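Asks: Take a look and give me a structure for this.
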Amino acid sequence: MDLEISYSAFCGERLIGSGKLGEMLRASKAFLDRSGDPNLLIFEDQTGRQVDFNFNGTLAEVLERAVPAPERVGPGRPKLGVVSREVSLLPRHWEWLEEQPQGISAALRRLVDEAKKKNPGEQRARRGREAISKFMTAMAGNFEHYEEATRALFAKDNARFAQLIQDWPKDIRGHLLCMLVEFSKPDPADA
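Replies: Prediction:
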């Protein structure tokens with residue numbers, strides 16, 4: 001797992017493929033063509049969320065469909081990557097924002113940028129624990145010690161977490177430990 005989005009595909013307790021989108025899709029398509037087993041769960045490693053892909057057709061067709069569609073262009077400055085969304089604030093917040101130099105949007109961007117600079121390592125670790133938790137819930141929610149392992153994860157007790165999952169299936173345990181190590185590293189953007 002690096003700065004680019006990575007994915008992991010599982011069939012039951014077995015890891016089928018892991019890596020960048022193309023790598024994972026190639027491994028998954030080959031597995032599906034060989035086995036015919038449609039019970040594939042695919043996870044986005046950085047978020048832990050489950051994602052679906054259409055594996056019908058050739059590998060080239062699968063890869064072509066998997067390329068993300070361009071984002072919808074709406075109000076704002078799309079060439080700069082600006083996205084317009086609704087924000088609900090109390091009147092006192094709007095009043096304060098309206099008093100800020102360079103406008104409300106610029107003030108909100110500054111506040112977000114300042115908040116992101118505070119404890120980026122801890123923010124990365126928190127996002128990592130949430131991703132691990134989502135993956136664990138989907139893949140290990142019925143396993144022995146699941147609840148205790150979840151508590152250890154959020155208590156940042158990595159040794160206890162590793163101990164509690166030691167009897168889980170090898171591929172699931174290995175993936176969880178890999179994620180734990182990856183999200184415990186300092187963010188490369190902070191270096």
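Asks: pLDDT below threshold where in the protein?
Replies: Scanning the chain for pLDDT under 70 picks out 1-3, 68-81, 186-191.
Asks: how about the strands of it, start to end?
Replies: In the chain, the strands defined using DSSP state E lie at 7-11, 14-19, 40-44, 50-51.
Asks: what's around R92, how many residues?
Replies: By other CB atoms under 10 Å, the residues close to R92 number 8. Using the backbone N, CA and C atoms, a C-beta is placed for each residue, glycine as well.
Asks: if I look at it, how far off is L15?
Replies: 51 Å (CB to CB, to the nearest Å).
Asks: ok, back up a step: out of the strands of the chain, deepest packed?
Replies: Comparing these by mean neighbour count (mean count of other CB atoms under 10 Å), strand 7-11 ranks first with a mean of 23.
Asks: Please parse this structure into its domains.
Replies: 7-66, 78-110, 120-190 (automatic domain parsing).
Asks: and the longest helix along the chain with strand 40-44, angle?
Replies: Counting by DSSP state H, the longest helix found in the chain is helix 120-140. Angle, helix 120-140 to strand 40-44, by axes from the mean of the first three to the mean of the last three CA atoms, to 10 degrees: 170 degrees.
Asks: For the residue minimising distance to the centre of the chain, which non-adjacent residue is spatially closest?
Replies: For the chain, T47 is the residue whose C-alpha lies nearest the centre (CA atoms, centre = their mean; 1.5 Å). In space, and not counting its chain neighbours, T47 is closest to A131: 5.3 Å by CB to CB, 6 or more residues apart in numbering.
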